[in-house]
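Asker: Curious how this folds, go ahead:
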Amino acid sequence: MKISWCSLLLLLVSCAPRQDAWERVSSNPTMPTLRRYILDHPGTEETQIARLHLERLSARAALAAGGIAPLQLHLQAYPAGAHAAEVRGRLMVLRAARALAEDTPWALLRFLYLHPDSKEAAPVRARLEETWWKQLQADPSPHGLKQYLEVFPAGLHETEAQELLAHVIFEKLGPEPDPELLRMFVLNHPKSPTGKRALALLREWERSEVLVSGETTTVVELLRRGESLPAELVMASFAAHLEAALWSFDLDLLGQLCDAAPRQCDAQLPAAIQYWKKMAPQARERLSETVRAAGPFRPMPAFRTLEVALNVEDLHTVWVALRSLSHRPEPRAFALLLSRAGHPDSAIAWPAADACRAWLARWPSRGAVLAAFELRRRQNRRDQFPSLIQTALLSEFLQRPLPVADIARLKPAEPVLLSTLVLQVLTVPAAPWNAFVTEINSSISRLHELFPAAPDRASYPLARNLVRRMYRFQLLLETLRFAPGPFSTAVSDRLAQTQTLVTEWEARLAGFPDYIPSAEDPLSAQIQAHETNRKAARDRLAASADPFGGSWWKIALGVTAAPPPAGN
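Answerer: All right, here's what the predicted structure looks like:
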């Protein structure tokens with residue numbers, strides 16, 4: 001290719017200014033002149049050299065400035081430059097120094113987040129641990145302590161932080177923590193001193209629960225161990241089990257109770273037990289029959305049989321079991337009735353509440369002790385329907401204020417929608433009568449739709465329980481005749497409807513040989529027969545011989561008697 005002399009001349013003329021400019025810039029390079037040259041002469045070899053000079057001068061200026069912002073600006077402009085590593089290292093040093101100077105968890109955490117693998121991370125992490133720990137000691141919180149332990153799972157203060165976390169959470173449980181919350185707390189903090197303290201409290205609760213809901217043999221084992229127990233609960237529980245054993249004339253159980261708690265036992269009872277055991281078998285059996293006839297009414301089934309009956313399908317059998325338990329003096333009977341009072345099925349919960357009130361009325365002194373204990377157990381569960389209905393029942397018996405505010409806040413929802421509304425209309429001033437009437441109408445309609453038109457053997461169990469449920473609605477509506485204004489008419493109308501349906505349905509079921517009318521109470525006849533024979537049995541028992549001149553049974557029966565002879 002031939003180049004003309006004219007073109008060559010023009011090329012030389014055009015290069016002369018660029019060469020002159022480069023010579024001037026390179027002889028005394030500064031950042032402004034280098035930037036200007038690069039802008040005016042892009043794409044030349046000198047421009048590449050100018051960029052290298054500019055990067056070097058920028059790095060030198062950023063390092064000399066001693067601030068974080070110039071170093072950041074340099075790295076934004078030259079992230080992969082020749083001096084980037086040096087500038088980045090300096091930036092880390094300055095950021096670490098700033099974080100250490102601020103000495104706050106946030107500043108230190110921010111540095112570790114940006115530079116987790118830098119050589120400055122170790123001292124910053126150590127400072128963070130100390131600074132954060134001091135703040136948590138001054139103002140501990142469960143959230144902050146959990147975050148601290150997540151960041152430093154094996155740190156210098158890991159053990160102290162775990163204990164402080166346990167202490168803070170435990171304090172939030174209140175002065176009398178709920179047993180279930182204690183159980184969860186112990187599982188989460190088994191080795192900490194606070195966890196061990198909570199475990200001791202939990203064991204106290206568990207021992208108390210044995211006293212109020214354990215079987216007699218379990219209570220005997222607990223009393224024999226001689227562990228620390230609430231005195232009032234011991235007295236109430238022991239008296240109840242002793243009463244049950246005495247009027248059933250269970251001499252072995254009476255002896256076990258006296259051996260386990262001799263201070264609680266009547267001083268004369270061990271000698272009386274030995275006297276009765278030495279009697280001839282026939283004489284002892286006659287005495288046993290007299291004792292059972294002279295004592296308070298006790299239902300025929302054994303305690304465990306009644307417990308099984310609480311879970312059968314036929315609601316009438318459940319009701320009889322509930323009422324039978326109300327005649328049993330053991331605290332376990334009260335505990336079972338109270339638990340069923342919070343049952344989600346209203347056909348079980350309502351009669352259970354009635355039976356629970358009957359139990360408390362029969363043994364008011366003992367009931368006051370047990371009710372106070374059960375109330376303490378539920379004081380932190382008032383946002384739950386079962387505990388709230390039980391709290392209301394116990395508070396009513398103890399003549400304490402009802403938890404009206406908690407009841408009003410409770411949101412009616414299945415499966416306790418109707419039960420919640422009933423509780424609210426009975427206790428809350430601004431009672432939701434409209435919602436109650438709507439729900440009782442719907443409930444009655446559902447039962448009506450489900451009842452078979454022609455009950456046969458296959459549909460009999462369903463029909464039987466449907467009429468039982470309708471009967472419970474009838475009893476409920478009979479207690480709500482006080483409803484205000486127009487709701488009184490609605491309640492009366494629904495009551496008449498339920499009475500009619502119960503009568504019609506029971507007429508259809510009367511042909512089944514095993515059907516028992518809902519209103520029939522087989523215990524009534526048993527109670528009447530027992531009371532008829534009780535006076536004569538008490539007279540016979542008061543005249544029975546004993547090692548104390550015939551005075552022991554008189555005292556047990558509450559009959560005025562002369563004191564036993566001296567020396568006895």
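Asker: now the helices for the stretch 201-350 of the chain?
Answerer: Remark: helices assigned in the stretch 201-350 of the chain by DSSP state H, counting those that start in this stretch are 216-225, 231-247, 251-260, 269-277, 281-294, 303-309, 315-325, 331-341, 346-362.
Asker: Lowest-scoring secondary structure element of this protein by mean pLDDT?
Answerer: Least confident element among the helices and strands of the chain, by mean pLDDT, DSSP states H and E: helix 5-27 (a mean of 53).
Asker: Need phi/psi at the closest residue to residue 463 other than its chain neighbours.
Answerer: Nearest residue to residue 463 in three dimensions, chain neighbours excluded: residue 455, at 4.2 Å (C-beta to C-beta, 6 or more residues apart in numbering). Every residue, glycine included, has its C-beta placed from N, CA and C. Torsion angles at residue 455 (phi, psi; degrees, to the nearest 10) stand at phi -60, psi 130.
Asker: now residue 411
Answerer: Note on residue 411: its backbone torsions stand at phi -90, psi 120 [degrees, to the nearest 10].
Asker: For the residue lying closest to residue 428 once chain neighbours are set aside, give me its contacts.
Answerer: Excluding the flanking residues, the one nearest residue 428 by C-beta to C-beta, 6+ apart is residue 408, at 4.8 Å. Residue 408 sits next to 424, 428, 430 when contact means C-beta atoms under 8 Å, 6 or more residues apart in numbering.
Asker: I'd like to know which of these are part of helices.
Answerer: Among the contacts of residue 408, the members falling in helices (DSSP state H) are residue 424.
Asker: quick one: stretch 153-160 to chain centroid distance?
Answerer: 30 Å (C-alpha atoms, centre = their mean, to the nearest Å).
Asker: Report pLDDT for the residue nearest to residue 428.
Answerer: Residue 408 carries a pLDDT value of 93.
Asker: Distance of the spatially most central residue of the chain relative to residue 195?
Answerer: Computing the C-alpha centroid of the chain and ranking residues by C-alpha atoms, centre = their mean puts residue 180 first, at 5.4 Å. Look at residue 180 and residue 195: by C-beta to C-beta, to the nearest Å, they are 16 Å apart.
Asker: go on, residue 274?
Answerer: Taking C-beta to C-beta, one finds residue 274 at 48 Å from residue 195.
Asker: In terms of packing, which of these two has more residues around it?
Answerer: residue 195 (21 against 12; other C-beta atoms under 10 Å).
Asker: give the contact list for the nearest residue to the more buried one once chain neighbours are set aside.
Answerer: Of all residues not flanking residue 195 in the chain, residue 189 sits nearest, at 3.5 Å (C-beta to C-beta, 6+ apart). Counting by C-beta under 8 Å, 6+ apart, residue 189 touches 162, 165-166, 169-170, 195, 198.
Asker: Residue 189 and residue 182, how far apart?
Answerer: 11 Å.
Asker: hey, what's in contact with both of the two?
Answerer: Common neighbours of residue 189 and residue 182 (C-beta under 8 Å, 6+ apart) are residue 198.
Asker: Can you pull the poorly scored residue ranges out of the stretch 401-550 of the chain?
Answerer: 545, 549-550 (pLDDT under 70).
Asker: And the helices in it?
Answerer: Under DSSP H, counting those that start in this stretch, the stretch 401-550 of the chain gives helices at 404-409, 417-427, 433-450, 460-479, 485-509, 522-542.
Asker: Go ahead and produce PDB holding the CA coordinates of the third one.
Answerer: Listed in PDB are the C-alpha atoms of helix 433-450, where the atom choice follows Å, rounded to 0.1, in the frame of the first residue of the first chain:
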ATOM      1  CA  TRP A 433     -78.000 -13.500  73.900                       C
ATOM      2  CA  ASN A 434     -78.600 -13.100  70.200                       C
ATOM      3  CA  ALA A 435     -75.600 -15.300  69.300                       C
ATOM      4  CA  PHE A 436     -76.800 -17.900  71.900                       C
ATOM      5  CA  VAL A 437     -80.300 -18.100  70.500                       C
ATOM      6  CA  THR A 438     -79.000 -18.500  67.000                       C
ATOM      7  CA  GLU A 439     -76.600 -21.300  68.000                       C
ATOM      8  CA  ILE A 440     -79.200 -23.200  70.200                       C
ATOM      9  CA  ASN A 441     -81.600 -23.000  67.300                       C
ATOM     10  CA  SER A 442     -79.000 -24.500  65.000                       C
ATOM     11  CA  SER A 443     -78.000 -27.200  67.500                       C
ATOM     12  CA  ILE A 444     -81.600 -28.300  68.000                       C
ATOM     13  CA  SER A 445     -82.200 -28.300  64.200                       C
ATOM     14  CA  ARG A 446     -79.100 -30.500  63.700                       C
ATOM     15  CA  LEU A 447     -80.300 -33.000  66.200                       C
ATOM     16  CA  HIS A 448     -83.700 -33.000  64.700                       C
ATOM     17  CA  GLU A 449     -82.300 -33.700  61.200                       C
ATOM     18  CA  LEU A 450     -80.100 -36.500  62.400                       C
END
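Asker: Now it: buried residues?
Answerer: 433, 435-437, 439-440, 443-444, 447 (16 or more other C-beta atoms under 10 Å).
Asker: on contacts alone, who are the packing partners of that helix?
Answerer: Helix 433-450 sits against helix 417-427, helix 460-479, helix 485-509, with contacts defined as 3 or more C-beta pairs under 8 Å, 6 or more residues apart in numbering; DSSP states H and E.
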